[in-house]
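J.: compute the structure for the input listed below.
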Amino acid sequence: MECQTTDFNKGYNTEMRAVQDSMDVLSGKWKIPILSSICYYNKRRFSDILNDINGISNRMLSKELKELEINQLVSRTVLDTQPIAVEYQLTDHGLTLRTIINQLTEWGMEHRKVIIGK
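T.: The predicted structure is shown next:
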């Protein structure tokens, strides 16, 4: 017996696939904080991002930034300085996450008030 899919289920499957695609790109402990750091300051050096995010290691930050570059959310620019510095910023595609990051910030602030009253 074959399962039949209604039009509603087709749309639902498409939406769920889109959510899963988003989570595949943004999941993990560090990606949203990295994107937030860059979003809030427009451009950030590696060491600035490292200082913004408690608990992340150099190696993990490097790995996550590479994945964000692969997904065309972050661009990397090597600055002509001594010592050489690297600066990161959101791409045009990455900037489309700004609204989501701002909404997460607002939700997090409200949630903190609800849970601990601060």
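J.: mind listing what's buried in stretch 42-55?
T.: 44, 46, 48, 49, 50, 52, 53 (16 or more other CB atoms under 10 Å). From N, CA and C alone the C-beta is placed, and that goes for glycine too.
J.: so the residue nearest to the spatial centre of the chain: helix, strand or coil?
T.: Against the mean C-alpha coordinate of the chain, by CA atoms, centre = their mean, the closest residue is residue 32 at 3.5 Å. Of the three states, residue 32 takes helix according to DSSP: H, G, I helix; E, B strand; the rest coil.
J.: now it. Nearest residue, chain neighbours left out?
T.: Nearest residue to residue 32, sequence neighbours excluded (CB to CB, 6 or more residues apart in numbering): residue 26, at 6.2 Å.
J.: is it true that the one you found touches residue 34?
T.: No - applying CB atoms under 8 Å, one finds residue 26 not in contact with residue 34, separated by 10.2 Å.
J.: higher neighbour count, these two?
T.: Remark: of residue 26 and residue 34, residue 34 carries more neighbours, 25 against 15, as counted by other CB atoms under 10 Å.
J.: isn't the more buried one up against residue 61?
T.: Yes - contact criterion CB under 8 Å: residue 34 and residue 61 qualify, at 7.1 Å.
J.: please enumerate the shared neighbours of these two.
T.: Residues touching both residue 34 and residue 61 by CB atoms under 8 Å, 6 or more residues apart in numbering: 49, 53.
J.: beyond the helix or strand where residue 36 lies, next helix or strand please.
T.: Under the criterion of DSSP states H and E, residue 36 resides in helix 31-41. For helix 31-41, the following helix or strand on the C-terminal side (DSSP H and E) is strand 43-45.
J.: what's in contact with that following strand?
T.: Outside strand 43-45, the residues touching it (CB under 8 Å, 6+ apart) are 37, 38, 52, 85, 86, 87, 88, 89.
J.: ok, the fifth one - contacts?
T.: By that I understand residue 86. So residue 86 contacts 45, 46, 76, 77, 78, 79 (CB under 8 Å, 6+ apart).
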